[in-house]
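After the sequence you'll find the predicted model.
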Amino acid sequence: MQIIETQIPGLLEIIPKVFGDERGYFYESYNKELFQNFGVNFEFVQDNQSLSNKGVLRGLHFQNPPFAQGKLVRVIQGAVMDVVVDIRLGSPTYGKHHKVLLSGENKLMFWVPPGFAHGFVTLEDQTIFSYKCTNVYNKESEGSVLWNDPALGIDWGIEDPLLSEKDLQARPLAELETQFRYA
């Protein structure tokens with residue numbers, strides 16, 4: 001497994017070592033000891049999975065403390081453009097975003113620590129998105145940032161995505177009263 005640190009501290013791209021032959025493939029998608037060596041010292045308490053067709057945009061979501069979540073995300077089938085935005089006050093990268101292509105084919109994984117708004121847009125029909133969470137879902141703690149906030153400058157590569165009502169009502173970053181602080 002290869003772990004790549006991104007330009008935004010805390011975000012990690014993970015390239016698993018895939019063993020494949022005529023039968024298929026095998027790879028280790030999580031190794032606690034290896035992740036701890038890179039500062040990911042969290043216990044995962046919830047696994048989530050979604051199925052979406054091409055053009056669905058989910059995000060940019062987060063949960064406030066004390067229910068803040070770190071997420072280890074990957075795509076089992078299909079493909080997404082995965083996007084995170086730093087919402088940690090005092091961070092030198094506050095308001096900056098990072099994008100990564102995750103697919104069933106490339107098997108890339110992405111570690112998103114607490115303090116980031118997270119979202120993705122599906123690039124293929126029947127995309128299965130899976131993620132491990134460091135905390136349980138809590139509706140009262142959920143928050144979101146407007147996916148197309150001009151201040152963020154995110155090129156999602158899509159003109160008219162399919163959005164949930166919640167995502168349509170999200171507010172721009174400038175209106176966010178973040179509870180996250182940069183450590």
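Everything's here; your move.

other SSEs contacting the helix or strand of the chain with the lowest mean pLDDT?
Counting by mean pLDDT, DSSP states H and E, the chain has its least confident helix or strand at helix 32-37, which shows a mean of 85. Helices and strands touching helix 32-37, as assessed by 3 or more Cβ pairs under 8 Å, 6 or more residues apart in numbering; DSSP states H and E, are absent. Using the backbone N, CA and C atoms, a C-beta is placed for each residue, glycine as well.

Can you name the next helix or strand after it?
Next helix or strand after helix 32-37 toward the C-terminus (DSSP states H and E): strand 46-52.

how far out from the middle of the chain is that following strand?
Taking Cα atoms, centre = their mean, to the nearest Å, one finds strand 46-52 lying 12 Å from the centre of the chain it belongs to.

for stretch 121-130, same thing?
For stretch 121-130, the distance to the chain centre is 13 Å (Cα atoms, centre = their mean).

can you tell me the average pLDDT over it?
Across stretch 121-130, pLDDT averages out at 98.

Identify the bridge partners of the most centrally placed residue in the chain.
Centroid-nearest residue in the chain: His118, 4.5 Å away (criterion: Cα atoms, centre = their mean). When bridges are taken as DSSP bridges, the partners of His118 come out as His61, Val84.

before we move on, back to that, then the least confident helix or strand of the chain to PDB, C-alphas only?
Output in PDB follows, covering the C-alpha atoms of helix 32-37 (Å, rounded to 0.1, in the frame of the first residue of the first chain):
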ATOM      1  CA  LYS A  32      -4.800  -0.100  11.100                       C
ATOM      2  CA  GLU A  33      -1.000  -0.200  11.800                       C
ATOM      3  CA  LEU A  34      -0.100   1.300   8.400                       C
ATOM      4  CA  PHE A  35      -2.600   4.100   8.800                       C
ATOM      5  CA  GLN A  36      -1.400   4.900  12.300                       C
ATOM      6  CA  ASN A  37       2.100   5.400  10.900                       C
END
